[in-house]
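# coordinates only, sequence not included:
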Ligand SMILES: Nc1ncnc2c1ncn2[C@@H]1O[C@H](COP(=O)(O)OP(=O)(O)OP(=O)(O)O)[C@@H](O)[C@H]1O
């Protein structure tokens, strides 16, 4: 285990020291055997081996792209582990065999006894460069939903994911979920001192359950800040993996978990009747919820069932009347764009990306108190219920991509303390409606005049004049009843590629 994992004292301190290693690296080249050297380059380990030309002395699957006859680069990002033992020095790395697939392999060289101290020092520098800010040898609780997606999560785990974790010397503990809601119970009872990560081999359903299980605990805030929740995409909806790692490939996602940077994630409290629960992805009322949840009978259509559901409703000009009160933080698109662009260069520390705790609150407390109360309370001061008689689409997002190619919330940020809210009137022309669908994919959606896009801290929505309808929270159906939402800045923790933005194209 890396020596950087100590969190003694402040339970909200990130276990990964937020330091940039600036020590000068004087010895970057290691001579291995008579005819080979290993050099730490700018982004890659450069393997120079006279034997490559003859294909001798290089004990690996040997499918690396070749720079020259004798030289092969291995990007630091792909280096999983390195060690020295009796036979010599071995470096494990994830080898890209196609655009969407990596698999672990290794190179191995003998090292002279007299050179072993230098080799150990060199390995330590190699691992520093390969892991940078990411924690090494993460302790991972793996959850597999045997029924996720097409029911092949177990197969994907064994074939694509586990070998990467093992080669990276991760400490793994695997459990299969047995029934709906099982992951909530697992998170409620998890020994949070024993794990750094909960990795869900599933769609977006299991991460939703884990956030909620941790949120139900007496030490919710500590648990949510200590344990990072990640998705290894094995479901039908894999929005979490798309947003945080830009991929739907289980093996690439596994590599990103190994190299992931701890990132605080805003979470949203939802109150409905007497219940309070957490949402990490989206809340929708109307067309999006209905197109997803009311088309279960069309599962045979695959991903097209959602588009089909939307088209049918758009052509019928379906409306979803409601009363809506919103606590807006940024109203106009140009200011939102500036807000987003500022974040691109923001290298703020993990600790300051979480909401500050009031001095009186203990780190071990449960969920933060609700600033705006519950849906059953009087409207908070300054909020006003506005009737929306012809609302067509109410869609609130905490992440950008809602599915592959569905970048509904291009200005969404992991921890800016805002929910992005899109509202569209249901009486727009059919042509405009159809253009909007195409625009979501092309990226032109945000700037369309009829698309209202706001950043908000909370909202209350009261559907009316409809007997039955659909409300979707993170893709899960909840009762068709009024609900209120409120954001908590950086309450949760995930691992991401960048550490501060989503992988979807922004604004
Ligand atoms: N063994 C199980 N039997 C039945 N349901 C389960 C089991 N394990 C997990 N679940 C439930 O499956 C649901 C969907 O999970 P997940 O998101 O992983 O899959 P998905 O393929 O994206 O599914 P969906 O398309 O239904 O959202 C979750 O609500 C979870 O509680």
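Alright, I've got the coordinates. All values derive from a computational prediction rather than experimental measurement.
# quick one: buried residues of stretch 368-379?
For stretch 368-379, the buried set under the neighbour-count rule, 16 or more other CB atoms under 10 Å, comprises 368, 370, 372-375. C-beta: built from backbone N, CA, C; applies to glycine.
# who touches that stretch?
For stretch 368-379, the surrounding residues in contact (CB atoms under 8 Å, 6 or more residues apart in numbering) are 221, 269, 271-274, 276, 325, 327, 355, 361, 380, 383, 385, 457-458, 460, 482-484, 486, 488, 491.
# Point out the ones among the residues you listed that are inside helices.
Among the contacts of stretch 368-379, the residues falling in helices (DSSP state H) are residue 221.
# Just the buried residues of the contacts of stretch 368-379.
221, 269, 271-272, 276, 325, 327, 355, 380, 383, 457-458, 460, 482-484, 486, 488, 491.
# In strands, which of those fall?
Members of these lying in strands (criterion: DSSP state E): 269, 271-272, 276, 325, 327, 457-458, 460, 483-484, 486, 488, 491.
# could I get these as CSV with pLDDT and distance to the ligand?
Formatted as CSV, these follow (pLDDT from 0 to 100; distance: CB to the nearest ligand atom, whole Å):
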residue, pLDDT, distance to the ligand
269, 98, 20
271, 98, 21
272, 98, 17
276, 98, 19
325, 98, 30
327, 97, 30
457, 97, 28
458, 98, 26
460, 98, 26
483, 98, 19
484, 98, 23
486, 98, 23
488, 97, 23
491, 96, 21
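# And the furthest pair within the residues you listed?
For those, the maximum inter-member distance is 22.6 Å, found between 325 and 491 (CB to CB).
# residues in this structure within reach of the ligand, list them.
Selection of the chain residues close to the ligand by CB under 6 Å from any ligand atom yields 145-149, 177-182, 202-206, 209, 235-237, 475.
# Can you tell me which of those residues are buried?
145, 147-149, 177, 182, 202-206, 209, 235-237, 475.
# pLDDT-wise, what's the bottom of those residues?
In terms of pLDDT, the weakest of those is residue 149, which scores 79.
# Quick check, that residue in contact with residue 241.
No. Contact criterion CB atoms under 8 Å: residue 149 and residue 241 do not qualify, at 12.0 Å.
# Nearest spatial neighbour of whichever residue of the chain sits closest to the ligand, chain-adjacent residues omitted?
Nearest residue of the chain to the ligand (CB to the nearest ligand atom) works out as residue 203 at 1.8 Å. Excluding the flanking residues, the one nearest residue 203 by CB to CB, 6 or more residues apart in numbering is residue 235, at 1.9 Å.
# List the residues that contact the one you found.
145, 148-149, 153, 202-206.
# 6 Å instead?
Applying CB atoms under 6 Å, 6 or more residues apart in numbering, we find residue 235 in contact with 148-149, 202-203.
# Reformat these as TSV; add distance to residue 496 and secondary structure.
Output for the contacts of residue 235, formatted as TSV (distance: CB to CB, whole Å; DSSP: H, G, I helix; E, B strand; the rest coil):
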residue	distance to residue 496	secondary structure
148	21	coil
149	22	coil
202	18	strand
203	18	coil
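# May I ask which two of those are separated the most?
The most distant members of the contacts of residue 235, if one measures by CB to CB, are 149 and 202, lying 7.9 Å apart.
# So what's the gap between the host helix or strand of residue 185 and the chain middle?
Using DSSP states H and E, residue 185 sits within helix 182-188. Its chain's C-alpha centre and that of helix 182-188 lie 19 Å apart, by CA atoms, centre = their mean, to the nearest Å.
# got it, and stretch 335-347?
With CA atoms, centre = their mean, you get 19 Å for stretch 335-347.
# Which residues does it contact?
Contacts of stretch 335-347 (CB under 6 Å, 6+ apart): 330, 411, 413, 455, 506-507.
# Can you name the two of those residues that sit furthest apart?
It's 330 and 506 that sit farthest apart of the contacts of stretch 335-347, by CB to CB, at 14.7 Å.
# dump the residue contacts of the residue most central in space within the chain.
Centrality entry for the chain: nearest residue to the mean C-alpha point is residue 244, 3.6 Å, by CA atoms, centre = their mean. Shown in contact with residue 244 (CB under 6 Å, 6+ apart): 494, 496.
# Okay, domains of the chain per the record?
21-131, 139-259, 270-490 (automatic domain parsing).
# okay, these in a markdown table with distance to residue 497 next?
Formatted as a markdown table, the domains of the chain follow (distance: least, CB to CB, whole Å):
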| stretch | distance to residue 497 |
| --- | --- |
| domain 21-131 | 10 |
| domain 139-259 | 5 |
| domain 270-490 | 11 |
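# so which of those is the most packed in?
domain 139-259 (a mean of 22; mean count of other CB atoms under 10 Å).
# mind checking the end-to-end distance for that domain?
Distance between the two ends of domain 139-259: 13 Å, counting by CA to CA, to the nearest Å.
# tell me the mean pLDDT over stretch 409-425?
Stretch 409-425 comes out at a mean pLDDT of 96.
# contacts for it?
So stretch 409-425 is contacted by 263-266, 329, 336, 340, 343, 353, 390, 392-397, 399-400, 446, 451-456, 487, 489-490, 506-507 (CB under 6 Å, 6+ apart).
# again, but for stretch 102-114
32-33, 59-61, 88-92, 94-96, 119, 163-164, 167, 251-252, 255.
# So which of those residues sit within strands?
Going by DSSP E, the strands hold 32, 88-92, 94-96 from the contacts of stretch 102-114.
# now for those residues, which pair is the farthest apart?
The farthest-apart pair in these, when distances are taken by CB to CB, is 88 and 96, at 25.1 Å.
# Export the ones in strands among the buried ones among the contacts of stretch 368-379 to JSON lines and append columns for distance to residue 45.
Listed next are those as JSON lines, based on distance: CB to CB, whole Å:
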{"residue": "269", "distance to residue 45": "46"}
{"residue": "271", "distance to residue 45": "52"}
{"residue": "272", "distance to residue 45": "53"}
{"residue": "276", "distance to residue 45": "49"}
{"residue": "325", "distance to residue 45": "56"}
{"residue": "327", "distance to residue 45": "51"}
{"residue": "457", "distance to residue 45": "46"}
{"residue": "458", "distance to residue 45": "49"}
{"residue": "460", "distance to residue 45": "55"}
{"residue": "483", "distance to residue 45": "52"}
{"residue": "484", "distance to residue 45": "52"}
{"residue": "486", "distance to residue 45": "47"}
{"residue": "488", "distance to residue 45": "41"}
{"residue": "491", "distance to residue 45": "38"}
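# Many thanks, we can stop here.
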